[in-house]
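In: For reference, the sequence and a predicted model appear below.
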Amino acid sequence: MSTRDASDQHDPVIESLDQLAAPMAAGEKPREAWRIGTEHEKFVYDIADHHAPSYNEPGGIRDLLSELTAFGWEPIVEGGNVIALKGADGNVSLEPAGQLELSGAPLENLHQTCAETGRHLTQVKAIGERLGKGYLGVGMWPDKTRDVLPIMPKGRYAIMLRHMPRVGSMGLDMMLRTCTIQVNLDYSSEADMVQKFRTSLALQPLATALFAASPFTEGKPNGYLSYRSHIWSDTDPARTGMLPFVFEDGFGYERYVDYMLDVPMYFVFRDGKYIDAAGLSFRDFLDGKLSVLPGERPRVSDWQDHLSTAFPEVRLKSFLEMRGADGGPWNRICALPAFWVGLLYDQGALDAAWDLVKDWDMAGRETLRSSVPKLGLDAPIPGGGTLRDIAAQVVEISRSGLAARGCLNAAGENETGYLEPLAEIAASGRVPAQRLLDLYHGEWGGDISRIYEAKSF
């Protein structure tokens, strides 16, 4: 999630509704300026007993962040606590229960992205060896109850933790017990954004299936392949889901602004502190009628903050965020941006992908979205068949898009190799969670603790 480290008292006040579409329009870039921003989270655990370390305990999350400064990272402080780091490779930040996230820098190609991931993992593993900490790459804590997990000292998280139980039964699970891989991608125009949004939103369930890696809850199989994805079905309906309006005629920046104005607020950031505005209306804020800041109108940064508090399967800010994948190992961290870059950054591939899904009806899209957490590649697609019927084809479309980009590394290799983990999953029809379940029922003998050895970075 986003991290703020200062209030800008000179930030412009929003004077008209026209300003609300400005961040999205400002995101338009010519093709040569398109970049790739990859985000990935991992669970931190104590090697001795597998507990999730608290912020303040010796060798805990605070010490982990402090040790990372030896690699050139600069602290971001909130309320006297280091809650994130910034550097050449982006930001290192904390999810609510101490999940460690790298929000990578905007990079030109996937070779750079995978190298960035490698640098980050090398750094945190070196620190883990000193502090006795390990890092687990799956989509959900496989063995932890909510009540044993620590809470990080970030003001926005305190507000969200209070609010989540009011609007859904699984919001706290989302915050405390899940990890994801995401990628942020650019567009050249409003029309390009629309085609990319529609295509990626329709195909997001396929990414969920290919990356499904959360089949355990509190030490036992939970009946799902991506329980992380299932959690979003009852987190907060006002800010989640498949966004049917994206597929309607006339969709563009203004329609997304209308959607965001109907998403309830979480907070306002002032003077280094978060003010609880959970459930309040940004429309009232525009009118100077926000109860927690009476008479004050929002600044541009308040709107940018608000844009980060919706959690649909694809999210628009000044770029598009792909949000459907479970956390996973190094090769899948590289594969997720490869999948979407191949589909969305070459026009031929984008057109081919859209042709596959453009005739799907909304009821079918919703059925697919609700089925995929449990069924994976066996989830039904609109018009008949299952995701398995199109998975290999979509991966091949992505491969063609990557090949067309012609981005070579020092060895003369293009970017298509990063898709190999997904090509193998698509060919076999067996997603990562199914392989975890095979291990659990097989050589692990029902001992979930074996996952730490098998799936740590």
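Out: Yep, it's here.
In: Give the residue farthest from the middle of this structure.
Out: What lies farthest from the middle of the chain is Gly295; by CA atoms, centre = their mean that is 35.1 Å.
In: Please identify which helix or strand holds that one.
Out: Under DSSP states H and E, no helix or strand contains Gly295.
In: got a list of what it touches?
Out: Each residue near Gly295 by CB atoms under 8 Å, 6 or more residues apart in numbering is listed here: Gly288. All C-beta spots, glycine's among them, are computed from the backbone N, C-alpha and C.
In: quick one: it from Ser233, how far?
Out: Per CB to CB, to the nearest Å, Gly295 is found 39 Å from Ser233.
In: What residues of the helix or strand in which Leu64 is found count as buried?
Out: Under DSSP H and E, the secondary-structure element containing Leu64 is helix 61-68. Of the residues in helix 61-68, 61-65, 67-68 count as buried by neighbour count, 16 or more other CB atoms under 10 Å.
In: Stretch 344-356 too?
Out: For stretch 344-356, by 16+ other CB under 10 Å, it's 344-346, 349-350, 352-354, 356.
In: Not counting its own residues, what contacts it?
Out: Contact with stretch 344-356 is made by 31, 34, 185, 195-196, 198-200, 203, 320, 342-343, 390, 393-394, 397-398, 400-402, 404-405, as judged by CB under 8 Å, 6+ apart.
In: Would you mind putting the CA coordinates of that stretch into PDB?
Out: The C-alpha coordinates for stretch 344-356 follow below in PDB (Å, rounded to 0.1, in the frame of the first residue of the first chain):
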ATOM      1  CA  LEU A 344      -0.500  -5.000 -23.100                       C
ATOM      2  CA  TYR A 345       2.600  -3.300 -24.400                       C
ATOM      3  CA  ASP A 346       2.400  -4.700 -28.000                       C
ATOM      4  CA  GLN A 347      -0.600  -3.600 -30.000                       C
ATOM      5  CA  GLY A 348      -0.900  -6.800 -31.900                       C
ATOM      6  CA  ALA A 349      -0.900  -8.800 -28.700                       C
ATOM      7  CA  LEU A 350      -3.300  -6.400 -27.100                       C
ATOM      8  CA  ASP A 351      -5.700  -6.700 -30.000                       C
ATOM      9  CA  ALA A 352      -5.500 -10.500 -30.000                       C
ATOM     10  CA  ALA A 353      -6.100 -10.700 -26.300                       C
ATOM     11  CA  TRP A 354      -9.100  -8.300 -26.500                       C
ATOM     12  CA  ASP A 355     -10.500 -10.400 -29.400                       C
ATOM     13  CA  LEU A 356     -10.500 -13.400 -27.100                       C
END
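In: Now do it, average pLDDT.
Out: For stretch 344-356, mean pLDDT is 99.
In: swap in stretch 304-319?
Out: 98.
In: Look up how far Glu420 lies from Lys432.
Out: Actually, residue 432 is Pro rather than Lys. Distance from Pro432 to Glu420, by CB to CB: 14 Å.
In: which residues of this protein score low on pLDDT?
Out: The model of the chain has pLDDT under 70 over residues 1-9.
In: where does Ala158 land in three-state SS?
Out: Three-state call for Ala158 (DSSP: H, G, I helix; E, B strand; the rest coil): helix.
In: ok, it - how many residues close by?
Out: 16 (other CB atoms under 10 Å).
In: Now do the strands in the stretch 1-150 of the chain.
Out: Assignment of strands within the stretch 1-150 of the chain using DSSP state E, counting those that start in this stretch yields the ranges 36-46, 74-78, 81-87, 90-94, 100-103, 133-136.
In: would you turn those strands into JSON lines with distance to Asp438?
Out: Output for the strands of the stretch 1-150 of the chain, formatted as JSON lines (distance: least, CB to CB, whole Å):
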{"stretch": "strand 36-46", "distance to Asp438": "21"}
{"stretch": "strand 74-78", "distance to Asp438": "42"}
{"stretch": "strand 81-87", "distance to Asp438": "38"}
{"stretch": "strand 90-94", "distance to Asp438": "33"}
{"stretch": "strand 100-103", "distance to Asp438": "28"}
{"stretch": "strand 133-136", "distance to Asp438": "18"}
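In: Out of those, flag the one nearest Ser291.
Out: Minimum separation from Ser291 across the strands of the stretch 1-150 of the chain (CB to CB) falls at strand 74-78, 24.2 Å.
In: Could you report the neighbour count for Ile83?
Out: So Ile83, with other CB under 10 Å, has 25 neighbours.
In: can you check Val13 too?
Out: Val13 has 11 neighbours, counted by other CB under 10 Å.
In: And for Gly412?
Out: 6.
In: how close does it sit to Ala404?
Out: 17 Å.
In: Pro75 too?
Out: From Pro75 to Ala404 the distance is 42 Å (CB to CB).
In: Then Val138?
Out: Distance, Val138 to Ala404, using CB to CB: 33 Å.
In: Now Leu368. Nearest residue, chain neighbours left out?
Out: Pro205 (4.9 Å; CB to CB, 6 or more residues apart in numbering).
In: isn't the one you found right next to Thr367, touching?
Out: No. Applying CB atoms under 8 Å as the test, Pro205 and Thr367 come out as separate, 9.8 Å apart.
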